[in-house]
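Engineer: With the sequence up front, the predicted model follows.
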Amino acid sequence: IGRSVTLSTTPSAIIRDTISASQVLPDFGPTDIWICGYPKSGNTWLSEIVSLIMADGVVDRVRDRPISERVPNIFNTLTHNPNYGWFEGLTDPRITDNHLELKYLPRFEGKEGKMIYIMRNPKDVCVSYYHFHDMMGIPAIDWDDFCQLFLDGHLINGDWLSHVTDFWLAYGTGNHPNVLFIAYE
């Protein structure tokens, strides 16, 4: 990029503490459901759907609890409470959401619970991410520069293609019956 950009684009600058904390992430439990995906891929929508399915479709069971309580985001929760008491305190089945790269998650053999990985067209991810940054009041950056940062993998969660490919190569072969890949548009 030909001009100075104040947007932090070094993943380790923001998630360093989360990454070190994730090295001690609890193992997958037999009833756990881990929702994974690159940011702005639909994790929150999918979390709502899974939460409602686990409530047998009874909206009254979930209506009064925010999604952040029903399906805590590992990254956000670790930032505020890195000791995992929050995780151990969840009732079964424990449903969590995260955007972490595969290398930062505990090893998943496919027998210890379920994993759902959500993928979205990278063009739509980039546009949504751009508007999210603007909405959050993150320093302004023009579309062309933001798009280039996204394409180069210099946003907080790294490279979209690597994120998706790593999960796909590890679990997308069909040998993991407890892993579901979802792509939508």
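Structural biologist: Everything's here; your move. Quick caveat: nothing in here was measured; it's all calculated off a predicted structure. Residues are numbered from 1 along each chain as shown.
Engineer: Just checking: what are the partner strands of the longest strand seen in the chain?
Structural biologist: As assigned by DSSP state E, the longest strand anywhere in the chain is strand 113-120. Strand 113-120 has the following strand partners under DSSP bridges: strand 32-36 (parallel), strand 179-184 (parallel).
Engineer: hey, which helix or strand in this protein has the poorest pLDDT?
Structural biologist: Here the helix or strand of the chain ranked lowest by mean pLDDT, DSSP states H and E is helix 11-22, holding a mean of 52.
Engineer: about what we covered before: may I see the strands paired with strand 113-120 arranged in JSON lines, with distance to Gly57, mean neighbour count and mean pLDDT as well?
Structural biologist: Yep, even glycine has a C-beta here, placed from its N, CA and C like the rest. Compiled in JSON lines, the strands paired with strand 113-120 are given as follows (distance: least, C-beta to C-beta, whole Å; neighbours: other C-beta atoms under 10 Å; pLDDT from 0 to 100):
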{"stretch": "strand 32-36", "distance to Gly57": "16", "mean neighbour count": "24", "mean pLDDT": "93"}
{"stretch": "strand 179-184", "distance to Gly57": "19", "mean neighbour count": "15", "mean pLDDT": "92"}
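Engineer: Serialize those strands to JSON lines and add fields for distance to Met135.
Structural biologist: Converted to JSON lines, the strands paired with strand 113-120 look like this (distance: least, C-beta to C-beta, whole Å):
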{"stretch": "strand 32-36", "distance to Met135": "22"}
{"stretch": "strand 179-184", "distance to Met135": "22"}
